[in-house]
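**Student:** mind looking at a prediction? Sequence and model below.
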Amino acid sequence: MKKEQILYIITRDDIKNVSSEMNISVSEKDFTFIKDKVGNFIGDKWHDAIEYALWELEESKKK
């Protein structure tokens, strides 16, 4: 059996970069809070993101 491959990850550096762009300081203890909130926000939207990518793929094949 093939090992599953991760396709997308949000890293601490991603959070640091966005917080820097927003001029919001983030401490190490803030990451758990942010991780939970990002997880809540994404929720079932991962399905929508995959669906969108598949529709875009189909459209690109028509060109």
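**Tutor:** Received, thanks.

**Student:** for this structure, what are the low-confidence residue spans?
**Tutor:** Applying pLDDT under 70 to the chain flags residues 1.

**Student:** can you point me to the longest helix in it?
**Tutor:** With secondary structure taken from DSSP state H, the chain has its longest helix at helix 45-61.

**Student:** just checking, what packs against it?
**Tutor:** Counting contacts by 3 or more C-beta pairs under 8 Å, 6 or more residues apart in numbering; DSSP states H and E, helix 45-61 packs against no other helix or strand. No exception for glycine: its C-beta is placed from N, CA and C like everyone else's.

**Student:** which residues sit in contact with F33?
**Tutor:** Residues counted as contacts of F33 (C-beta atoms under 8 Å, 6 or more residues apart in numbering): none.

**Student:** distance of it relative to D13?
**Tutor:** 17 Å (C-beta to C-beta, to the nearest Å).

**Student:** now E59
**Tutor:** 32 Å.

**Student:** nearest residue to the residue nearest the centre of the chain in space, please, no chain neighbours.
**Tutor:** Nearest residue to the geometric centre of the chain (C-alpha atoms, centre = their mean): I10, 5.1 Å. Residue nearest to I10 in three dimensions, not counting chain neighbours: V38, with 6.3 Å by C-beta to C-beta, 6 or more residues apart in numbering.

**Student:** and the one you found, which of the three is it?
**Tutor:** Using DSSP: H, G, I helix; E, B strand; the rest coil, the structure places V38 in helix.

**Student:** neighbours of it, how many?
**Tutor:** Using other C-beta atoms under 10 Å, V38 has 13 other residues around it.

**Student:** before we move on, the earlier item: so how far is the longest helix of the chain from its chain's centroid?
**Tutor:** The chain centroid and the centroid of helix 45-61 are separated by 15 Å, computed with C-alpha atoms, centre = their mean, to the nearest Å.

**Student:** buried ones in it?
**Tutor:** When burial is assessed from 16 or more other C-beta atoms under 10 Å, helix 45-61 yields no buried residues.

**Student:** CA atoms only for that helix, dumped as PDB, please.
**Tutor:** C-alpha atoms of helix 45-61 as PDB (Å, rounded to 0.1, in the frame of the first residue of the first chain):
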ATOM      1  CA  LYS A  45     -14.100  24.200   3.000                       C
ATOM      2  CA  TRP A  46     -11.300  21.800   2.000                       C
ATOM      3  CA  HIS A  47     -13.900  19.900   0.000                       C
ATOM      4  CA  ASP A  48     -14.800  23.200  -1.800                       C
ATOM      5  CA  ALA A  49     -11.100  23.900  -2.500                       C
ATOM      6  CA  ILE A  50     -10.700  20.400  -4.100                       C
ATOM      7  CA  GLU A  51     -13.900  20.800  -6.100                       C
ATOM      8  CA  TYR A  52     -12.800  24.200  -7.400                       C
ATOM      9  CA  ALA A  53      -9.400  22.800  -8.400                       C
ATOM     10  CA  LEU A  54     -11.100  19.900 -10.300                       C
ATOM     11  CA  TRP A  55     -13.500  22.300 -12.100                       C
ATOM     12  CA  GLU A  56     -10.500  24.400 -13.100                       C
ATOM     13  CA  LEU A  57      -8.700  21.300 -14.300                       C
ATOM     14  CA  GLU A  58     -11.600  20.400 -16.500                       C
ATOM     15  CA  GLU A  59     -11.800  23.900 -17.900                       C
ATOM     16  CA  SER A  60      -8.100  24.000 -18.700                       C
ATOM     17  CA  LYS A  61      -8.500  20.700 -20.700                       C
END
